[in-house]
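Novice: For reference, the sequence and a predicted model appear below.
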Amino acid sequence: MNDITNKVVVITGATKGLGAALARGFTKKGAKVALCARSKDALVSLEKEITDAGGAVFSMPIDVKIPDHAENFAFETLNRFERVDAVINNASILGQRVPVSDYQYSTWKDVIDVNINGTFLVTKAFLPDMMKRRSGSIINLSSGVGAVGKPRWGAYCVSKFGVEGFSYMLAEEMRDYNVRVNIVNPGALATEMRRAAYPDEDQSKLKKPEDIVNVFHYLVSDKSKEITGERINAQDFRIP
């Protein structure tokens with residue numbers, strides 16, 4: 001029931017931090033992955049690493065906030081693998097850590113576009129396949145500031161609140177199609193984004209992205225087929 005062999009898993013923002021850990025972690029368990037990110041060079045490098053290790057991977061450089069990019073990514077992924085079992089909306093950007101009174105509109109717009117609109121566009125592009133097959137798992141990444149407002153988190157905080165609202169709404173829409181939608185808060189991890197948010201923090205004391213990939217394996221597996229509309233704190237979650 002917890003087997004993910006041959007599952008087809010889409011991962012956005014796949015070249016850094018948690019996204020890269022998920023790409024490696026899923027292929028090591030026998031899943032097939034479709035990866036996207038903005039950096040072509042980083043994708044080529046990661047795809048070669050996974051292929052050399054015997055994994056099945058397709059990658060495509062896209063900007064998730066551009067509708068045509070999301071649609072083309074879905075089209076090419078389905079053309080390659082014929083179906084998609086899970087979408088992990090991991091792509092996000094931090095923006096500024098300043099008061100709203102000092103926040104630049106251009107940065108605000110970019111964060112909202114990537115974090116909320118990108119999640120919407122990628123999800124929408126893959127939903128028809130899942131709805132047709134009446135099966136699928138959508139996992140949207142949130143944050144501690146996606147549930148509790150904290151000062152100086154600006155558009156990132158707002159975007160993660162938006163992602164959570166989108167997830168709860170979509171979970172209800174998809175119940176009759178057996179497509180489950182869940183939220184994962186990864187918690188504090190040793191990543192580049194975390195370092196940008198907390199430059200003085202000692203990351204040696206933090207968990208690594210690889211430490212929580214099993215939570216995502218569970219949410220993609222058939223063992224979690226009854227779980228939808230849930231918010232999971234990855235570092236506290238105990239897999240049944």
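Specialist: On my side now, so go ahead.
Novice: does the closest residue in space to residue 24 that isn't next to it in sequence belong to a helix or a strand, and which?
Specialist: Closest residue in space to residue 24, ignoring its immediate chain neighbours: residue 50 at 6.8 Å, by Cβ to Cβ, 6 or more residues apart in numbering. For every residue, glycine as well, the C-beta is placed using N, CA and C. Of the helices and strands defined by DSSP states H and E, residue 50 is found in helix 40-52.
Novice: Just the CA trace of the following helix or strand past that helix, in PDB.
Specialist: Once the chain leaves helix 40-52, the next helix or strand it forms, by DSSP H and E, is strand 56-61. Extracted C-alpha coordinates of strand 56-61, given in PDB (Å, rounded to 0.1, in the frame of the first residue of the first chain):
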ATOM      1  CA  ALA A  56      13.100   7.600 -15.000                       C
ATOM      2  CA  VAL A  57      12.900  11.400 -15.500                       C
ATOM      3  CA  PHE A  58      11.600  14.100 -17.800                       C
ATOM      4  CA  SER A  59      12.500  17.700 -17.200                       C
ATOM      5  CA  MET A  60      11.400  21.000 -18.800                       C
ATOM      6  CA  PRO A  61      12.500  24.600 -18.000                       C
END
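Novice: Quick check: neighbours of strand 56-61 in the sheet, parallel or antiparallel?
Specialist: Next to strand 56-61 in the sheet, as set by DSSP bridges, lie strand 32-37 (parallel).
Novice: What count of nearby residues applies to the residue nearest to residue 24?
Specialist: Using other Cβ atoms under 10 Å, the number of residues around residue 50 comes to 21.
Novice: Then residue 227?
Specialist: By the criterion of other Cβ under 10 Å, residue 227 has 16 neighbours.
Novice: Now for residue 229: which residues touch it?
Specialist: Residue 229 makes contacts with 167-168, 171-172, 180-182, as judged by Cβ atoms under 8 Å, 6 or more residues apart in numbering.
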